[in-house]
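Peer 1: Quick one: sequence plus predicted model below, questions after.
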Amino acid sequence: MRILIVEDDQASRLVLAKYLESVGEVSMAEDGEVGLEAFRTALAEKSPYQLVCLDIMMPKLDGQAVLKGIRALEGEHAVAKGKESKVIMTTALGDKENVVEAIPRCDAYLTKPIDRTQLMFYVKKFGLLSQEDAARMATKTPKHPNDKPWGHKDKDMPWVG
């Protein structure tokens, strides 16, 4: 799986990369313009990203604009229905306005600090794991008493089936 992390905060980029490096090839972009260009290039080279983790508050081009650009590029390249990149908005903004604006075009919305269990829940739910990764995660045991097993649905994500 190819993963693009678009995040202006270096520490957040590195944390997300660490969380995701075991399940795919991770690329990073430090702002929205660089991220959208990386996405455009990947589509043109017929090597699209299957997962995009996208911050909202970034310089040059914010995450909402990048998300609109991603969906427009997929339309221009005639990406088949169901084959679009999965986009997880990763942001410090939990306000209703940003959620409402992002939800029609994104696939999930996580607030910072990003919880690894919730992030991987969505990766698994979207079917982006290899069979080996899925099997490995199915047998993963929590490291801390407050950790939930992979794929756990709880009160924090009631909309997930």
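Peer 2: Perfect, I can see it now.
Peer 1: burial count for E37?
Peer 2: E37 sits with 13 neighbouring residues when counted by other Cβ atoms under 10 Å. For every residue, glycine as well, the C-beta is placed using N, CA and C.
Peer 1: Distance of it relative to A78?
Peer 2: 20 Å (Cβ to Cβ, to the nearest Å).
Peer 1: Likewise for A65?
Peer 2: 22 Å.
Peer 1: Over to K112?
Peer 2: Shown here: K112 relative to A78, a distance of 34 Å by Cβ to Cβ.
Peer 1: who has more neighbours, these two?
Peer 2: Higher neighbour count among K112 and A78: K112, with 15 against 6, using other Cβ under 10 Å.
Peer 1: what residues are up against the more buried one?
Peer 2: K112 is in contact with 12, 90-92, counting by Cβ atoms under 8 Å, 6 or more residues apart in numbering.
Peer 1: Which of these sits closest to S130?
Peer 2: Closest approach to S130 among the contacts of K112 (Cβ to Cβ): T90, at 22.6 Å.
Peer 1: quick one: which helix or strand includes that closest one?
Peer 2: strand 86-91 (DSSP states H and E).
Peer 1: Am I right that T91 is in contact with M58?
Peer 2: No. T91 lies out of contact with M58 (Cβ atoms under 8 Å); the separation is 9.6 Å.
Peer 1: residue ranges of the helices in the protein, please?
Peer 2: 10-20, 32-44, 63-76, 96-102, 116-125, 131-138 (DSSP state H).
Peer 1: between the fifth one and strand 86-91, how many degrees?
Peer 2: It refers to helix 116-125. Computed with axes from the mean of the first three to the mean of the last three Cα atoms, to 10 degrees, the direction of helix 116-125 lies at 160 degrees from that of strand 86-91.
Peer 1: Leaving out the residues flanking it, which one is nearest to L119?
Peer 2: Spatially, and ignoring its direct neighbours in sequence, L119 is nearest to Y19 (5.7 Å; Cβ to Cβ, 6 or more residues apart in numbering).
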